[in-house]
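Asker: generate a structure from the sequence data that follows.
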Amino acid sequence: PTANTAERKLYFGADRIHVVAVGRRLDKALPSLYQEKVKKFLAMTYEEWLAYILAGDDIGAIVESFPPGQQLAETVRKWSTHLDLQRFHLICSDENNRALMPRSFERLLALPDGFLEPVSSANESLDRTSVEMLRQLNAQKKERGWTDEFYRKMVFYGAVGGLRHREWGPEDTKIPTPPEWALARIRTLADHTIASLREQGPHVIGDLASLRPGEDVAAPESPLVESPTIAMDAAVSALAGAVDAGWKLEQSRRQKAQGGG
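Answerer: Numbering: from 1, shown residues only. Model (predicted):
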């Protein structure tokens, strides 16, 4: 921690280090990010959350509100003080080309073509109805007095774990593309990021322009529905009741452990 930059470079062998980052279009990344936020107790609706993180006219401030993995230009800037940016490799993700990632690493590692192959993995993301059910449950967390620790055990490791591994039915859908107003802001953010990356000059694999949603990208016909059916309300109520009962049992156990009878 006390070593200066030159000493750190010598210690870690910075002259031999290569860094690989993957850039993904925000209209593709934000639905996944929203889902992760809901898993961590967020109670905002999709539209409310998008309005919150995309609000304001200060592009830099908006970008700073994103997780580090979505701050591409800033990530490159930080690494530029430690290594030659030709050893910072930015792969521009292509949703329609699953071979891009293995082919890119083959070239970076001087491996034969076809040495690495993409594999199918189980889809552990939640469908939009499950996300909405979890969001509504999150909204009741504070009102019912559930602690973070208890809620995490009961919901994240319990309910979410089960939802994550269930097979999707034909009626299940993903969280939709952001609405048109959000797409317009995302395009502005993408233009800002692309201009900064071109100025900094990392080694780019793919096309930087692919980080910007095209004008042909369409917003969903309808926003994410907060209460799709009466069955949703019933499911949330039932699950909330189950969690509440568990909470009362936990409180009783604690009182007994403390000698409260």
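Asker: next one: residue 249 from residue 156, what distance?
Answerer: 19 Å (CB to CB, to the nearest Å). Glycine gets a C-beta too; all of them are placed from N, C-alpha and C.
Asker: who's more crowded, the two?
Answerer: The neighbour comparison of residue 249 against residue 156 (other CB atoms under 10 Å) goes to residue 156, with 16 against 10.
Asker: residue contacts, the more buried one?
Answerer: With contact set as CB atoms under 8 Å, 6 or more residues apart in numbering, residue 156 has these partners: residue 39.
Asker: ok so it is a helix residue?
Answerer: Yes - under DSSP: H, G, I helix; E, B strand; the rest coil, residue 156 sits within a helix.
Asker: so what pLDDT did it get?
Answerer: Residue 156 carries a pLDDT value of 73.
Asker: just residue 174 next, same as before
Answerer: 82.
Asker: just give me the neighbour total for it.
Answerer: 15.
Asker: in a helix, that's where it is, yeah?
Answerer: No - Residue 174 is assigned coil when assessed by three-state DSSP, not a helix.
Asker: so what does it look like in phi/psi?
Answerer: Backbone dihedrals for residue 174, given as degrees, to the nearest 10, come out at phi -80, psi 170.
Asker: next: residue 44.
Answerer: The phi/psi pair for residue 44 (degrees, to the nearest 10) reads phi -70, psi 150.
Asker: which strand or helix spans the closest residue to it other than its chain neighbours?
Answerer: Using CB to CB, 6 or more residues apart in numbering and skipping residues adjacent in sequence, the residue nearest residue 44 is residue 52, 6.7 Å away. Per DSSP states H and E: residue 52 is located in helix 46-53.
Asker: export that helix to CSV, keeping only CA atoms.
Answerer: The C-alpha trace of helix 46-53 is given here as CSV (Å, rounded to 0.1, in the frame of the first residue of the first chain):
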residue,chain,number,x,y,z
TYR,A,46,-38.3,-0.4,-13.7
GLU,A,47,-39.4,3.0,-15.0
GLU,A,48,-38.7,4.7,-11.6
TRP,A,49,-35.2,3.2,-11.5
LEU,A,50,-34.4,4.1,-15.1
ALA,A,51,-35.6,7.7,-14.4
TYR,A,52,-33.4,7.7,-11.3
ILE,A,53,-30.1,6.5,-12.8
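Asker: can you pull the buried residues of it?
Answerer: In terms of neighbour count (16 or more other CB atoms under 10 Å), helix 46-53 has its buried residues at 46, 49-50, 53.
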